[in-house]
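Novice: what's the 3D shape of this:
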Amino acid sequence: MRLTLASVSMIAAFLASATASKAADYTIDPTHSHVLFTIDHLGFAKMVGLFSDFSGNISFDANNGPASKLNVTIKTDSLQTQFAPRDKDLKGADWFNVTEFPEMTFVGSEFAKKDDHTGTVTGKLTLHGVTKPITLTLKGGRTAEFPRGVQRTGYVTEFSIKRSDFGMDKMVGAVGNKITVEFSFEGTKQ
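Specialist: Residues are numbered from 1 along each chain as shown. Predicted coordinates for the structure are as follows:
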């Protein structure tokens, strides 16, 4: 069999396209996303709060997990609990200390796919000036075009942290140490 220059070029192009993969890059759409948290109060009820100002992006490469990334930045001053005096207290030096720590971040760098709609991402959560490793289980990943011309994807994750691990140990006991966070987000393809 005789190979011509044209056939060698075609084979090389095919092999390159078969092995190269490009990550799909999405920007988190804050109008279709939320960051909620709950914490125990005196063992009677759960207090619910949210952060309304956040941004981020996800870059997902189905064929190359290590090339995938999830980055989220949350403005701590956007905390809301539906009670202004408590919000002011929580933003103060004894709790979130939003003046010294205006942002919390999650930088995810290790992805593992479980199935077509579930996977994990391990990364670093920085809160109150302390950085700790954390693994999130993401559910979703469906893609669709909506509105026309806008490609979307979405995920939801729920996880818990101990606030004392991040130096937020005021009133542990009366106010729970375990914070449960729900992060649900849609991203638009760039």
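
Novice: C-alpha only now, for contacts and for neighbours.
Specialist: Noted.

Novice: residues touching the spatially most central residue of the chain, list them.
Specialist: For the chain, the residue sitting closest to the mean C-alpha position, by CA atoms, centre = their mean, is residue 72 at 5.2 Å. By CA atoms under 8 Å, 6 or more residues apart in numbering, residue 72 lies in contact with 54-57, 105-107.

Novice: rerun that using 7 Å as the cut-off
Specialist: By CA atoms under 7 Å, 6 or more residues apart in numbering, residue 72 lies in contact with 55-57, 105-107.

Novice: residue 151 is in contact with residue 142, isn't it?
Specialist: No - Residue 151 lies out of contact with residue 142 (CA atoms under 7 Å); the separation is 10.5 Å.

Novice: more neighbours: which of these two?
Specialist: residue 151 (15 against 11; other CA atoms under 10 Å).

Novice: confidence score at that one?
Specialist: Looking at residue 151, its pLDDT reads 94.

Novice: identify the residue nearest it in space, chain neighbours excluded?
Specialist: Nearest residue to residue 151 in three dimensions, chain neighbours excluded: residue 145, at 4.4 Å (CA to CA, 6 or more residues apart in numbering).

Novice: what's the answer for residue 105, then?
Specialist: residue 73 (4.5 Å).

Novice: before we move on, back to that, burial check on the residue nearest to residue 151, number of neighbours?
Specialist: Neighbours of residue 145 using other CA under 10 Å come to 12.

Novice: equivalent analysis for residue 96, please.
Specialist: Neighbours of residue 96 using other CA under 10 Å come to 23.

Novice: quickly note the distance from it to residue 145.
Specialist: Separation of residue 96 from residue 145 (CA to CA, to the nearest Å): 38 Å.

Novice: so residue 170 sits in a strand?
Specialist: No - read with DSSP: H, G, I helix; E, B strand; the rest coil, residue 170 is coil and lies in no strand.
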